[in-house]
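[1] Structure for this input, please:
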Amino acid sequence: MSENIKKPIAFLPVFTGTNCDYDTAKAFEKAGAEITTSVFCNLTSGDIFSSIKEMCQKIRKCQIFALSGGFSSGDEPDGSGKFIANVLNNKDITAEIHALLDRGGLILGICNGFQALIKSGLLPYGRLGMVIENSPTLFRNDINRHISLIASTRVSSVSSPWLAGFKIGEIHQVAMSHGEGKIVISEKLALELFAKNQIAFQYVDLQGNITQKPPYNPNGSMYAIEGMISENGQILGKMGHSERFESGLFKNIYGNKNQNIFENAVKYFLKN
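    Next comes the predicted model:
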């Protein structure tokens, strides 16, 4: 972004089922961002059109677009994130999101937000409307139920403003809470993403070894993938709730719990 930004604006839309927006807003606010929100109302067709218009206006004015966690559409099987993905693929919202990316903006999706990024095509392709038959998806956890725990994840890429200051191999302890968090991906695409440094985080065991199975890979994600970025690094999606940690919490958990992707994003705009 070319303009002189003193305080980047983070826009956090709220959808049916979103329940992590307060934590996400608090994390961005603590990092130095200004927060704007809007509630996507869908009771009537008029509400939908009005909500789309408001979202477009908010995206146009922001530098960071963040999709918070939750349970869209009640987190029905294979439904997670699909409602949000449909909203993102509205032609007017698509145009604004692409304009945001073209001017150097950043996009984040955590948990339900990650599901929406995957199902809309923003990840791993960096553009909406790119989903094809062999695109990656998120499927129900191997244990076939919701999980709520702290998982160890390894930094596998630093090719993004969201990952600035991290080191390859650095391990974080991150809160997990989801029913559909298993990354399903073809070997061909996975190898391509690894080659392009688009795999941001992977699940590891207590010794720091990448692991394919529960309990350390809590959902059974293929290639132990917990998070990924777009090729240009502007978009980050991840299952773990980095926003849930703050000083004084998780005192009985050992390790580094402060995965401050929010501060990294804010610093990116202050440097540029």
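
[2] export the helix or strand encompassing residue 203 as CSV, just CAs?
    Using DSSP states H and E, residue 203 maps to strand 199-203. Output in CSV follows, covering the C-alpha atoms of strand 199-203 (Å, rounded to 0.1, in the frame of the first residue of the first chain):
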residue,chain,number,x,y,z
ILE,A,199,2.2,-24.3,4.0
ALA,A,200,2.3,-22.0,7.0
PHE,A,201,2.0,-24.3,10.0
GLN,A,202,2.0,-28.1,10.6
TYR,A,203,1.0,-30.2,13.6
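
[3] and it, which strands flank it?
    Listed by DSSP bridges, the sheet partners of strand 199-203 and their directions read strand 147-155 (antiparallel), strand 225-229 (antiparallel).

[4] Quick check: which helices or strands does the following helix or strand past the longest one pack against?
    Spelled out, that is strand 147-155. Using DSSP H and E, the helix or strand that follows strand 147-155 in sequence is strand 171-178. Strand 171-178 sits against strand 147-155, with contacts defined as 3 or more CB pairs under 8 Å, 6 or more residues apart in numbering; DSSP states H and E. Every residue, glycine included, has its C-beta placed from N, CA and C.

[5] Just the residues contacting the strand it packs on, thanks.
    By CB atoms under 8 Å, 6 or more residues apart in numbering, the residues outside strand 147-155 that reach it are 141, 163, 166-179, 181, 200-206, 208, 210, 215-216, 218-219, 226-227, 240, 250, 253, 255, 257.

[6] of all the strands paired with strand 199-203, which lies closest to residue 107?
    Residue 107 sits nearest to strand 225-229 of all the strands paired with strand 199-203, at 10.0 Å, using CB to CB.

[7] List of residues touching the closest one?
    Outside strand 225-229, the residues touching it (CB under 8 Å, 6+ apart) are 114, 123-124, 151, 153, 157, 159-160, 162-163, 174, 183, 185, 190, 193, 197-203, 235-240.

[8] by contact count, what packs against the helix or strand just after that strand?
    The helix or strand immediately downstream of strand 225-229 is strand 235-238, counting by DSSP H and E. When contacts are defined as 3+ CB pairs under 8 Å, 6+ apart, strand 235-238 sits against strand 106-110, helix 112-120, helix 122-125, strand 199-203, strand 225-229.

[9] Arrange the ones you listed in TSV, one row each, with mean pLDDT and mean neighbour count as further columns.
    TSV is the format used below for the helices and strands packed on strand 235-238 (pLDDT from 0 to 100; neighbours: other CB atoms under 10 Å):
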stretch	mean pLDDT	mean neighbour count
strand 106-110	98	27
helix 112-120	95	27
helix 122-125	97	24
strand 199-203	98	26
strand 225-229	98	28
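
[10] In the protein, spot the helix with the most residues.
    Among the segments of the chain that qualify as a helix by DSSP state H, the longest is helix 45-61.

[11] ok, and what's touching that helix?
    9, 11, 13, 36, 38-42, 65, 87, 90, 92-93, 95-97, 99-100.

[12] In PyMOL, how would I select just the buried ones from the residues you listed?
    A single PyMOL command selects the buried members of those (16 or more other CB atoms under 10 Å):
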select buried, resi 9+11+13+36+38+40+65+87+90+93+96+97+100
